[in-house]
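Student: Predicted model and sequence follow; I will ask about them next.
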Amino acid sequence: MRFGAAVLRSYESPFAVEEVTLNGGPADGEILVRIAGCGMCRTDLAVRHSAGRSPLPAVLGHEGAGVVVETGGAHTGLSCGDHVVLSFDSCGHCRNCLDAAPAHCDSFASLNLFGGREENAARFVDSAGRALAPRWFGQSSFAEYAVVAARNAVRADPSLPIELLGPLGCGFLTGAGAVLNSFGTGPGDTLAVFGAGAVGLSAVMAATASGAVTVAVDRHPGRLALAERFGAIPLHAASAGLPGRIRQLTDGGTQYALDTTASPRLINDALRALRPTGHLGLVARVRTPLPLEPGALDRGRRISHICEGDAVPGLLIPRLTGLWKAGRFPFDELIRTYPLADINEAERDCEAGRVVKPVLLP
């Protein structure tokens with residue numbers, strides 16, 4: 001089977017839309033999906049800075065959504081014609097997967113970041129017959145089609161705009177899941193969100209939907225305006241005495257804080273903005289040593305890493321689409337669509353902050 005896909009051949013080169021070949025259909029437990037749209041995530045772009053750990057050439061993309069066109073075996077639980085949102089891969093049988101924590105799968109890194117499933121590695125090739133890296137995040141959905149394990153596909157209501165749903169599988173799931181799962185916020189709780197990108201703004205929307213009081217911190221006025229529209233109190237990241245201002249706005253400090261920036265300064269500000277026993281969650285990978293200021297972790301405050309919003313995608317994605325239909329999670333307002341052929345323009349706009357969530361349409 002031949003189809004178009006955006007191939008990244010080196011860490012410095014632009015994406016190139018090429019013809020690729022899938023040798024063989026979906027194996028047992030897999031499905032073939034015609035991609036309607038795929039979000040571009042910061043994790044895709046971070047491959048350029050992965051110091052050779054992510055194998056290239058590869059087809060990236062891990063926020064895909066589309067329509068099932070073929071199933072492998074009778075046990076996928078899906079049928080041709082089903083609309084699906086694709087999320088991260090997981091093994092399904094390790095202790096964490098069995099404990100409803102697939103984001104902490106023992107094989108998460110190998111399945112999603114560093115090579116994919118070995119049993120079908122060589123069947124995805126370019127027009128010259130050279131192998132492409134196995135499925136990125138179980139998908140490689142910067143393409144017209146993707147083969148995925150049925151366990152990381154979530155059936156969606158066919159009345160919804162399937163081309164826009166892909167980011168619910170990662171970016172929006174991460175922000176909303178941090179609020180709804182990791183923190184479990186409810187009415188009257190307080191939250192500070194540092195970084196009003198796709199993850200941060202989805203956290204703001206979820207917090208507002210849960211009845212929490214939220215402060216959003218960012219350096220882009222446009223993104224602060226979005227956060228305010230979604231129910232947050234906006235604060236510029238360069239504001240003098242930022243932790244004190246947040247404590248003043250939240251009657252002594254927030255119960256929760258979410259950092260999406262990986263900035264050591266803002267992480268320390270977030271800790272200082274917490275009330276005693278408060279919880280700071282980090283979703284961005286911190287790539288440098290993280291010095292903590294004296295006293296930042298005093299009085300029962302704690303800090304943890306949050307992966308994929310601690311979500312079970314099959315549970316959280318329907319919850320988020322339900323909130324969207326009720327007008328309480330307007331994620332579509334963060335999206336700008338691009339033809340797949342314009343993937344390099346989408347990357348430039350994303351890096352420059354001109355768009356919150358690019359979605360590529362094959």
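Tutor: Everything's here; your move. Numbers count the residues shown, from 1 in each chain.

Student: Contact partners for Trp324?
Tutor: Leu160, Pro330, Phe331, Asp332 (C-beta atoms under 8 Å, 6 or more residues apart in numbering). Every C-beta, even on glycine, is put in place using the N, C-alpha and C of the backbone.

Student: What number of residues are in the vicinity of Ala237?
Tutor: Ala237 has 18 neighbouring residues, counting by other C-beta atoms under 10 Å.

Student: Grab the nearest non-local neighbour of it.
Tutor: Arg219 (4.4 Å; C-beta to C-beta, 6 or more residues apart in numbering).

Student: With Ala101 instead?
Tutor: Closest to Ala101 by C-beta to C-beta, 6+ apart is Asp310, at 7.0 Å.

Student: Next, find the distance separating the one you found from Phe331.
Tutor: For Asp310, the distance to Phe331 equals 19 Å [C-beta to C-beta, to the nearest Å].

Student: Ok, Leu111 next?
Tutor: 26 Å.

Student: rewinding a little: contact partners for the residue nearest to Ala237?
Tutor: His236, Ala237, Ala238 are the contacts of Arg219 under C-beta under 8 Å, 6+ apart.

Student: swap in Ser239?
Tutor: Arg245.

Student: now swap in Leu60 and tell me
Tutor: So, once contact is read as C-beta under 8 Å, 6+ apart, Leu60 ends up touching Ala6, Leu8, Asp44, Val47, Trp136, Ser140, Phe142.

Student: Among the contacts of Arg219, which lie within strands?
Tutor: Judged by DSSP state E, the subset of the contacts of Arg219 located in strands is His236.

Student: Which single one of the contacts of Arg219 is nearest to Phe183?
Tutor: Looking at the contacts of Arg219 and their distance to Phe183, the nearest is Ala237, at 21.4 Å (C-beta to C-beta).

Student: contacting residues for the closest one?
Tutor: So Ala237 contacts Phe194, Val217, Asp218, Arg219, Leu266 (C-beta under 8 Å, 6+ apart).

Student: What's the separation between it and Ala216?
Tutor: Counting by C-beta to C-beta, the gap from Ala237 to Ala216 is 10 Å.

Student: Then Ala5?
Tutor: 36 Å.

Student: Who has more neighbours out of those two?
Tutor: Taking other C-beta under 10 Å, Ala5 and Ala216 do not tie; Ala5 has more neighbours (30 against 27).

Student: what is that one paired to in the beta sheet?
Tutor: Taking DSSP bridges as the rule, Ala5 bridges to Glu18, Ala143.

Student: for it, what are its contacts?
Tutor: Val17, Glu18, Glu19, Val20, Val59, Ser140, Phe142, Ala143, Glu144.

Student: Which of those residues lies at the shortest distance from Gly72?
Tutor: Ser140 (16.7 Å).

Student: Just give me the neighbour total for that closest one.
Tutor: With other C-beta under 10 Å as criterion, Ser140 counts 29.

Student: thinking it is in contact with Pro57, fair?
Tutor: No. Ser140 sits out of contact with Pro57 when judged by C-beta atoms under 8 Å, with a separation of 11.1 Å.

Student: who touches both of those two?
Tutor: Going by C-beta under 8 Å, 6+ apart, residues that sit against Ser140 and also against Pro57 are Leu132.

Student: what separates stretch 311-320 from the chain centre, distance-wise?
Tutor: When C-alpha coordinates are averaged (C-alpha atoms, centre = their mean, to the nearest Å), stretch 311-320 and its chain have centres 13 Å apart.

Student: for the record, mean pLDDT for that stretch?
Tutor: In this model, stretch 311-320 carries a mean pLDDT of 98.

Student: Show me which positions of that stretch end up buried.
Tutor: Buried residues in stretch 311-320, counting neighbours by 16 or more other C-beta atoms under 10 Å, are found at Ala311, Val312, Pro313, Gly314, Leu316, Ile317, Pro318, Arg319, Leu320.

Student: got those as JSON lines, with secondary structure and distance to Val84 columns?
Tutor: Formatted as JSON lines, these follow (DSSP: H, G, I helix; E, B strand; the rest coil; distance: C-beta to C-beta, whole Å):
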{"residue": "Ala311", "secondary structure": "coil", "distance to Val84": "16"}
{"residue": "Val312", "secondary structure": "coil", "distance to Val84": "16"}
{"residue": "Pro313", "secondary structure": "helix", "distance to Val84": "11"}
{"residue": "Gly314", "secondary structure": "helix", "distance to Val84": "11"}
{"residue": "Leu316", "secondary structure": "helix", "distance to Val84": "15"}
{"residue": "Ile317", "secondary structure": "helix", "distance to Val84": "10"}
{"residue": "Pro318", "secondary structure": "helix", "distance to Val84": "12"}
{"residue": "Arg319", "secondary structure": "helix", "distance to Val84": "16"}
{"residue": "Leu320", "secondary structure": "helix", "distance to Val84": "15"}
